[in-house]
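Chemist: Got a predicted model here, sequence first, then my questions.
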Amino acid sequence: MAPGPRVTRRLLNLLALLSLLLCVATLVLWGDSFGSYSSAGWATSARSGYLLSRRGELYCTTADDPLGQPHPPRWRRIRPEQNDGMYTVDWRVGPRRVLGFALQRQHVGYYRPDPPGTVVWDAVVPYWFLASVTAVLPLALAYTRLRRRRRVAPQCSR
């Protein structure tokens with residue numbers, strides 16, 4: 001049995017609300033990324049991955065890490081003046097960018113000399129893109145509701 005229009009509407013409203021919350025969180029992180037660096041990372045004995053927020057961009061890094069020490073997921077926030085050298089890579093002079101996006105594969109790690117054969121993948125996604133994508137559903141829903149109200153309003157005033 002197919003769900004009724006009421007269930008579909010509620011599901012759409014829930015998705016729009018979640019999307020709006022993600023959009024607001026993205027805007028907050030975007031603004032915060034200019035004043036401090038935030039990172040989240042994880043590591044197993046074979047791989048590691050990090051998300052870094054800085055200068056209006058989200059950096060995603062994953063690496064083969066054969067000599068790495070496993071650790072549970074952790075979050076770190078530092079001000080640029082407290083930089084310990086972990087965030088010294090300047091992507092503005094690195095890989096080719098298209099509209100703020102970048103993807104790079106390299107054999108050299110950021111944090112220490114990596115053993116031969118270590119591959120590091122880096123991707124950069126600008127916050128303007130994340131904010132735009134998460135704003136689409138709430139804006140479309142609001143636009144649809146406004147149009148519907150304008151069509152109904154003249155009939156109610158008679």
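Modeler: It's in. Only a predicted model underlies this, so the values are computations on that prediction, with no experimental measurement involved. Residues are numbered from 1 along each chain as shown.
Chemist: Run through the bridge partners of the nearest residue to T61 once chain neighbours are set aside.
Modeler: In this structure, T61 finds its nearest non-sequential neighbour in Y50, 4.7 Å apart by Cβ to Cβ, 6 or more residues apart in numbering. Quick note: C-beta positions are derived from backbone N, CA and C, even for glycine. Beta-bridge pairing for Y50 (DSSP bridges): G41, T61.
Chemist: Neighbours of Y50, how many?
Modeler: Y50 sits with 20 neighbouring residues when counted by other Cβ atoms under 10 Å.
Chemist: surely it meets A40?
Modeler: Yes: contact status for Y50 versus A40: in contact at 7.0 Å, counting by Cβ atoms under 8 Å.
Chemist: Buried ones in the helix or strand of the chain with the lowest mean pLDDT, by neighbour count?
Modeler: Ranked by mean pLDDT, DSSP states H and E, the helix or strand of the chain with the weakest confidence is strand 71-78, at a mean of 73. Residues of strand 71-78 include none that count as buried (16 or more other Cβ atoms under 10 Å).
Chemist: So for the helix of greatest length in the chain, mean pLDDT?
Modeler: Ordering each helix of the chain by length in residues (DSSP state H) puts helix 127-156 first. Averaged across helix 127-156, the pLDDT comes to 86.
Chemist: hang on, the earlier thing: and the residue nearest to T61, how far is that from R6?
Modeler: According to Cβ to Cβ, to the nearest Å, Y50 stands 44 Å off from R6.
Chemist: repeat for L146
Modeler: Distance from L146 to R6, by Cβ to Cβ: 21 Å.
Chemist: and what of P138?
Modeler: 20 Å.
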